[in-house]
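Asker: Structural data only, the sequence is not supplied:
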């Protein structure tokens, strides 16, 4: 009798352990995915910032290669910076030997108009200061201005934050490349680096050196950037790849020489070849092509690696060229697959359990398995969004609510029996257990519900049999001492003769009770 009464609680505990383990495993996989996503986001942000600087430097290098005059070079730099920082006003001012500053080009921003070419005289002390520094930043003009007349003039023009990068030629200050804003602004490291590199590139452009030297210097900048990148970088033309950075070799397992001799289509996964062919053709034909996709490559050892690819088209040496960057996302893909598999296993377990399983958030069912819906006599869709109290007999609702609130605080408690109100108005006895968990950072309650109808019927039959036994109207199954090899329990020497299959559950319970008494007497 004690074993029968403990069985539902024991089985419910097993169900909670299984579900808890599956939920814990799912959360662990989710945590690993979140960590990898955050790391990937940081790398992507760094890559985007580098791409901005690379694009500005590439525009300058292209103008230099084409032999553009100085005013055209200035226009390329100012317009290029404004393209990437449209919320800032971008200005280039020439600085004469006597300190006179004249705005050569200015592109306005919201709240800031383009500056006119009104000359401003810069004092000798300010000239010396600007010649010694790489950058001069003012986050808020209200906190003080140290750059003299030029900053005062720009403040009068509506700027409250200003950022200057001196442009020098042969150690002489020849210009100022500036960003400013109508409100106070804390200048970011990316803005500082971009403006400084643009000023350096512009300084190269205004020098008297030949275009070839300047182009080679820009290419060296690109190579330093590409060779230190954690992303795959490829320059691809119609004839094939013209540049591959070292990350390509590290990721694929081939040497750079082998990659130059190997066809691109031998590395791309066969299932992705047609997609990449279409993207490449559209890019080389200057058609609108998707800016990115996820694709697979095959390494030299045959391993499959996933890449998140971004591409853009520009001209290099007069030919259409695709600049392709790719981040290795293989670990993230594996984690996503493990997470999906874990979710599938958990859902399969939930949907095939005979017990009812429900996940409650804000006192409403967020998920119920088919077992719980079957107990209530409706579909899972009918239960989701409803309060669990609606499926309990009125006399049990206050007690159930108190138990749910206790479980929500993490307070452990034993399983409790309730009367479950079915859709047809009938009730059935159930045993329910609840446990607090976290779901996407929110508190939730996981409940396991077991139907006690069969146990109650069996107990009633057992009580009826005991009453009949007490008045001598119940015929016990034939039990005798025997030496037969068919015994139960094996060491008791008791055998059940020809049990009637129609009363087998009652007979099993009664014989268990009889054997328990016999064993108790024997061992006492």
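Answerer: Nice, thanks for sending it over. Just so you know, these numbers come straight off a predicted model, no measurement behind them.
Asker: any idea of the mean pLDDT in stretch 252-272?
Answerer: Mean pLDDT, stretch 252-272: 88.
Asker: ok, now stretch 422-442?
Answerer: 86.
Asker: May I see the buried residues of it?
Answerer: 428, 429, 430, 431, 432, 433, 434, 435, 436, 437, 439 (16 or more other CB atoms under 10 Å). Any C-beta I mention is one placed from the backbone N, CA and C, and that applies to glycine too.
Asker: for the last one, which residues make a bridge with it?
Answerer: When assigned by DSSP bridges, residue 439 has beta-bridge partners residue 442.
Asker: ok, so of the buried residues of stretch 422-442, who is nearest residue 259?
Answerer: residue 439 (46.5 Å; CB to CB).
Asker: who touches the closest one in this structure?
Answerer: When contacts are counted by CB atoms under 8 Å, 6 or more residues apart in numbering, residue 439 touches 359, 361, 366.
Asker: Three-state assignment for the last one, please.
Answerer: Yep, that's residue 366 we're talking about. Of the three states, residue 366 takes strand under DSSP: H, G, I helix; E, B strand; the rest coil.
Asker: so it touches residue 445, yeah?
Answerer: No: with contacts counted by CB atoms under 8 Å, residue 366 stays clear of residue 445, the gap being 9.7 Å.
Asker: between these two, who's got more neighbours?
Answerer: Neighbours were tallied for residue 366 and for residue 445 using other CB atoms under 10 Å; the higher tally belongs to residue 445 (22 against 15).
Asker: What is the nearest of the buried residues of stretch 422-442 to residue 53?
Answerer: Using CB to CB, these come closest to residue 53 at residue 439, 42.3 Å.
Asker: Distance of that closest one relative to residue 297?
Answerer: Distance, residue 439 to residue 297, by CB to CB, to the nearest Å: 37 Å.
Asker: now residue 70
Answerer: From residue 70 over to residue 297 (counting by CB to CB), the distance is 45 Å.
Asker: More neighbours: these two, which one.
Answerer: residue 297 (24 against 13).
Asker: I'd like to check which residues are in contact with the more buried one.
Answerer: 251, 252, 267, 268, 269, 304, 305, 307.
Asker: tell me the secondary structure for it?
Answerer: strand.
Asker: What's opposite it in the beta bridge?
Answerer: residue 268, residue 305.
Asker: ok, so what distance separates residue 203 from residue 91?
Answerer: 16 Å.
Asker: count of neighbours near the spatially closest residue to residue 311 that is not a sequence neighbour?
Answerer: Nearest non-adjacent residue to residue 311, counting by CB to CB, 6 or more residues apart in numbering: residue 324, 4.7 Å away. A count of neighbours around residue 324, defined by other CB under 10 Å, yields 22.
Asker: OK, contacts around residue 324?
Answerer: 232, 233, 234, 235, 236, 309, 310, 311.
Asker: related to what we said a few turns ago, among the contacts of residue 297, name the buried ones.
Answerer: Using 16+ other CB under 10 Å, the buried ones in the contacts of residue 297 are 251, 252, 267, 268, 305, 307.
Asker: tell me the two of these that are most distant?
Answerer: 251 and 268, at 13.2 Å, using CB to CB across the buried ones among the contacts of residue 297.
Asker: the domain parsing of this protein - what is it?
Answerer: 51-216, 229-333, 353-451, 455-523 (automatic domain parsing).
Asker: what's the least confident stretch among those?
Answerer: domain 455-523 - the lowest mean pLDDT of these, at a mean of 51.
Asker: ok, the nearest residue to residue 85 once chain neighbours are set aside to residue 100 distance?
Answerer: Excluding its sequence neighbours, the residue lying closest to residue 85 (CB to CB, 6+ apart) is residue 179, at 6.5 Å. As judged by CB to CB, residue 179 and residue 100 stand 22 Å apart.
Asker: Show me where the stretch 201-350 of the chain has its helices.
Answerer: Along the stretch 201-350 of the chain, counting by DSSP state H, counting those that start in this stretch, helices occupy 211-227, 246-252, 256-261, 264-267, 273-284, 330-352.
Asker: May I see the buried residues of the longest one?
Answerer: Applying a neighbour-count criterion of 16+ other CB under 10 Å, the buried positions in helix 330-352 are 332, 333, 335, 336, 338, 339, 342, 346, 350.
Asker: Tabulate those in CSV, adding columns for distance to residue 162.
Answerer: Below are the buried residues of helix 330-352 laid out as CSV (distance: CB to CB, whole Å):
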residue, distance to residue 162
332, 41
333, 46
335, 46
336, 46
338, 51
339, 48
342, 54
346, 57
350, 61
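Asker: Among those, which one sits closest to residue 82?
Answerer: Of the buried residues of helix 330-352, the one sitting nearest to residue 82 (CB to CB) turns out to be residue 332, at 35.1 Å.
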